[in-house]
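Enquirer: attaching a predicted model along with its sequence, questions to come.
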Amino acid sequence: MLQAISLSKQYQSSYALKELNLQVNAGEICCLLGQNGAGKTTTINLFLGFMAPTSGKALINGQEVVPGAAATRKHVAYIPEVVMLYGHLTAIDNLDYFSRLAGFRYDTIRLSELLAQCGLHPDKHRQPLKGFSKGMRQKVGIAIALAKNAAVILMDEPTSGLDPRATDEFTGLVKELGQQGKAILMATHDIFNAVNIGTHIGIMKQGQLVHTMQAGDINANDLQQLYLQTI
Ligand SMILES: Nc1ncnc2c1ncn2[C@@H]1O[C@H](COP(=O)(O)OP(=O)(O)OP(=O)(O)O)[C@@H](O)[C@H]1O
């Protein structure tokens, strides 16, 4: 579970994030929408412990996130816009390397199973990543999140630049992760995807969360109208 309590981040006189109160429970997928500079990445970075808040708290499974401390990081998997992997290593070797970094060791059969579960064709498992498309890299990124067995998954614009088919495959995987009980927070600019994938949706503006709703309560057209009226 992921919780922000009056979470704020201030730079000089301006707030990147102001008094954020948010909770994402196990099995929930919360999609954060908002213009460039609205505070989405700041929110994610605070949960990752990449920076310290000016005030308030970011909690993961009830534990406060402290930058540099490993206590909460082990419960978190992060899928950025571009998953950073080693291009000269194969998909299996990348997965093995990052799983070991997180303290997990799997045999080759299990690593291959995890990649297949994330939709990566077996022909690709032993190929170096430098020849992979963005969608294929995202699949390896999700496999790493699965291997780490993290309770919380943070994603920052993970579908930007993916074609519709790759986006659809990615969406299916993320929904499955939600059904498995992960708590997922995703920053996105894709309104249609937010309605499709999210259980909850938030709209941010100038560092504040100004609307929250259950995804089932709104369709993509109405959400787009609300978004345009808000920003
Ligand atoms: N190191 C920094 N120093 C000063 N201001 C910063 C710094 N980092 C971020 N900001 C400001 O904080 C605000 C929120 O930025 P953030 O990256 O969280 O927005 P975002 O919603 O993720 O935007 P995008 O959709 O473009 O990724 C912006 O106004 C940004 O300029």
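Expert: Great, that's in hand.

Enquirer: could you pull out the helices for the chain?
Expert: 40-48, 91-101, 108-117, 134-147, 164-179, 191-197, 220-230 (DSSP state H).

Enquirer: okay, which residue is most central for the protein?
Expert: Closest to where the C-alpha atoms of the chain average out (Cα atoms, centre = their mean) is residue 155, at 1.7 Å.

Enquirer: does that one really touch residue 186, like I thought?
Expert: Yes - counting by Cβ atoms under 8 Å, residue 155 touches residue 186, with 4.2 Å between them. C-beta here means a position set from N, CA and C on the backbone, and glycine is covered the same way.

Enquirer: rewinding a little: would you mind giving the helices of the chain as CSV with mean pLDDT added?
Expert: Below are these laid out as CSV (pLDDT from 0 to 100):
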stretch, mean pLDDT
helix 40-48, 97
helix 91-101, 95
helix 108-117, 94
helix 134-147, 89
helix 164-179, 89
helix 191-197, 93
helix 220-230, 94
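
Enquirer: nearest approach to the ligand belongs to which of those helices?
Expert: Closest to the ligand of those is helix 40-48 (Cβ to the nearest ligand atom; 3.2 Å).

Enquirer: near the ligand at all, that closest one?
Expert: Yes - using Cβ under 6 Å from any ligand atom, we find that helix 40-48 touches the ligand at 40, 41, 42.

Enquirer: near the ligand, which residues of the protein show up?
Expert: Close to the ligand, as judged by Cβ under 6 Å from any ligand atom, the chain has residues 11, 16, 34, 36, 37, 38, 39, 40, 41, 42, 187.

Enquirer: mind listing what residue 111 touches?
Expert: By Cβ atoms under 8 Å, 6 or more residues apart in numbering, the contact list for residue 111 reads 92, 95, 96, 99, 125, 147.

Enquirer: dump the helices of the chain to a markdown table, plus distance to residue 20.
Expert: Below are the helices of the chain laid out as a markdown table (distance: least, Cβ to Cβ, whole Å):
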| stretch | distance to residue 20 |
| --- | --- |
| helix 40-48 | 6 |
| helix 91-101 | 29 |
| helix 108-117 | 33 |
| helix 134-147 | 23 |
| helix 164-179 | 21 |
| helix 191-197 | 18 |
| helix 220-230 | 16 |
